[in-house]
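Asks: no sequence on this one, just coordinates:
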DNA sequence: ATCTGAATTGCGTAGTGCGCAACGAAAAAT
DNA sequence: ATTTTTCGTTGCGCACTACGCAATTCAGAT
């Protein structure tokens, strides 16, 4: 039997309003009334009234003089004020746990914070020897798999803006120390879909991480596994990196999915 | 006569849905259905159906197992994807122009970008000698009035996270070069409401800037005026700083205001 | 187990929001 | 410049949405 979807009635006009919001937010261009009407399959007048309601609330706005719609300051204000620190953790935690269990190694979730990667969640494996990197810890972007995954889409100019012109601090003998090398690394990560840390930050420690991307491609975080090099062997790379990539992909889909995400949490 | 407000009919349920969104976004705690019903002055069942519609779209979410609502990933995704670079400029430009005209000096609008302040808009005064600092330019946070205004709320720990432990680069003989000095400066800015740049970045140049705050107090940008020290005299400080502070305040209100913002742009 | 407070569902009706059509203004075409 | 077309905006009345009421279920506390 097909699972029963949503007996709770939709509030039609609210639903339509949200559709408008998403349409405007994902469009790079201002959106005209006609386009909205067509999108919703409703009369222009209906689209107009919906859009006006959104506009009065500040969720939409019209560029000076123009008639077409862009997002308004209310959206901006709301998203700025809100504490999003748990969002990724909430959405990703299940997946993180699954990853850690399937490989039986410690899995981390990280975001970019200035020049550092910030670990915002972790699931430890059952091992005597557990890796460092507790939740809340900051580590250099250029010297860790998580950090490099977060940087993957940046070009040389953007990297220089972040790191300035001073040489990068050396942590181990494999630490990347120049921007050009980092640029090459980033290109590689884009191609492969994952980043490796071969004891670049901490001796004897390996890590594989993949960027978490929204539908738009934007990188919003990274997920990865870390382990002592004695346990995380080179022959594990293919399997581990594949698992990490798929995990990142699933999280990205969870974030971008708008409807009917399963809520089997019990 | 009071200007006629909005003949265009509200879409009631959309309006209510947006109210819910704002309520949830501005609350630090998860919001229960009962609270929403009370807020909207509607029956619980109505609030329920609205909330469910928002939840299906991913705009709201319920923490594992709980029944109360928090913002969902759709909000997060939307606001991440959207290009907000023009938002502040759009909202603030009129005020920026007014400021520049009233003092007849160049006014700038800046935001924080990593370790730098980024000028995102400017209005030049009619003077032979105009200040540098074009739109798009990056300047150090610790050495400019705009930068310091943007840092005003940070404490020592946060400042160190941004600037690291290396001594700060010296630009002029008045440049702040230590974190403790910067901390003191920030405290002063919080108290006074504005920041000064006494030729700390560029010789012979003065600047006064104030942080732009949302209702929540969060700093989202800075506005200020710059001029050669020969024209921007010490006796101008009181008047200029007051003008800058009030301008910043007005912009903050524009950003936080949700309804009926005047649209007299002609 | 019982009780209490909440969330959730069903249902009939009031009222909202819809489409239609007309108007006005601005853009496109001639 | 004039006509034509397109798009945004407003008025109106019917239809159906979404509301409140009340009954039901669920969860937690006693």
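Replies: Thanks, I have it. Since the structure is predicted, the reported quantities are computational estimates derived from the model, not experimental observations. Numbering: from 1, shown residues only, chains lettered A, B, ... in the order given.
Asks: What's the end-to-end length of stretch A:218-234?
Replies: 30 Å (Cα to Cα, to the nearest Å).
Asks: ok, now stretch A:31-45?
Replies: Terminal-residue distance, stretch A:31-45 (Cα to Cα): 16 Å.
Asks: Which of the three states applies to the nearest residue to residue A:198 once chain neighbours are set aside?
Replies: Nearest in space to residue A:198, with sequence neighbours left out and distances taken as Cβ to Cβ, 6 or more residues apart in numbering or on different chains, is residue A:174 at 5.3 Å. C-beta coordinates here come from the backbone N, C-alpha and C atoms, glycine included. Look at residue A:174: counting by DSSP: H, G, I helix; E, B strand; the rest coil, its state is coil.
Asks: what's the answer for the one 3 residues further on, then?
Replies: For residue A:177, the reduced secondary structure class is coil; criterion used: three-state DSSP.
Asks: is it true that it touches residue A:167?
Replies: Yes: the criterion here is Cβ atoms under 8 Å, and residue A:177 meets it with residue A:167 at 5.8 Å.
Asks: More neighbours: which of the two?
Replies: Remark: of residue A:177 and residue A:167, residue A:177 carries more neighbours, 15 against 10, as counted by other Cβ atoms under 10 Å in any protein chain shown.
Asks: which residues does that one contact?
Replies: A:167, A:168, A:170 (Cβ atoms under 8 Å, 6 or more residues apart in numbering or on different chains).
Asks: pretty sure residue A:186 belongs to a helix, no?
Replies: Yes: Residue A:186 sits within a helix when classified using three-state DSSP.
Asks: Relative to residue A:169, how far out is the closest residue to it other than its chain neighbours?
Replies: Nearest residue to residue A:186, sequence neighbours excluded (Cβ to Cβ, 6+ apart): residue A:152, at 5.3 Å. Look at residue A:152 and residue A:169: by Cβ to Cβ, to the nearest Å, they are 21 Å apart.
Asks: Which one of these two is surrounded by more residues?
Replies: residue A:152 (23 against 12).
Asks: Give me the helices and strands touching the longest helix that chain A contains, please.
Replies: In chain A, assigned by DSSP state H, the helix with the most residues is helix A:237-256. Contact partners of helix A:237-256 among helices and strands, from 3 or more Cβ pairs under 8 Å, 6 or more residues apart in numbering or on different chains; DSSP states H and E: helix A:87-103, strand A:205-213, strand A:219-228, helix B:73-81.
Asks: okay, those in a markdown table with mean neighbour count next?
Replies: Compiled in a markdown table, those are given as follows (neighbours: other Cβ atoms under 10 Å in any protein chain shown):
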| stretch | mean neighbour count |
| --- | --- |
| helix A:87-103 | 19 |
| strand A:205-213 | 27 |
| strand A:219-228 | 26 |
| helix B:73-81 | 22 |
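Asks: follow-up on the earlier one: got the contact list for the residue nearest to residue A:186?
Replies: A:186, A:189, A:190, A:195, A:211, A:219.
Asks: can you give me the strands in the stretch 51-200 of chain A?
Replies: A:60-61, A:70-71, A:106-113, A:116-123, A:138-140, A:195-198 (DSSP state E, counting those that start in this stretch).
Asks: rewinding a little: between residue A:177 and residue A:167, which contacts overlap?
Replies: Counting by Cβ under 8 Å, 6+ apart, nothing touches both residue A:177 and residue A:167.
Asks: ok, the contacts of residue A:152 vs DNA strand D, which is closest?
Replies: residue A:219 (34.3 Å; Cβ to the nearest atom of the strand).
Asks: Distance of that closest one relative to residue A:151?
Replies: Counting by Cβ to Cβ, the gap from residue A:219 to residue A:151 is 8 Å.
Asks: now residue A:104
Replies: In terms of Cβ to Cβ, residue A:104 sits 28 Å off from residue A:151.
Asks: Looking at the two, which one has more neighbours?
Replies: residue A:151 (25 against 12).
Asks: now the end-to-end length of stretch A:185-199.
Replies: 15 Å.
Asks: Flag every buried residue along it.
Replies: Buried positions in stretch A:185-199, judged by neighbour count with 16 or more other Cβ atoms under 10 Å in any protein chain shown: A:185, A:186, A:189, A:193, A:194, A:195, A:196, A:197, A:199.
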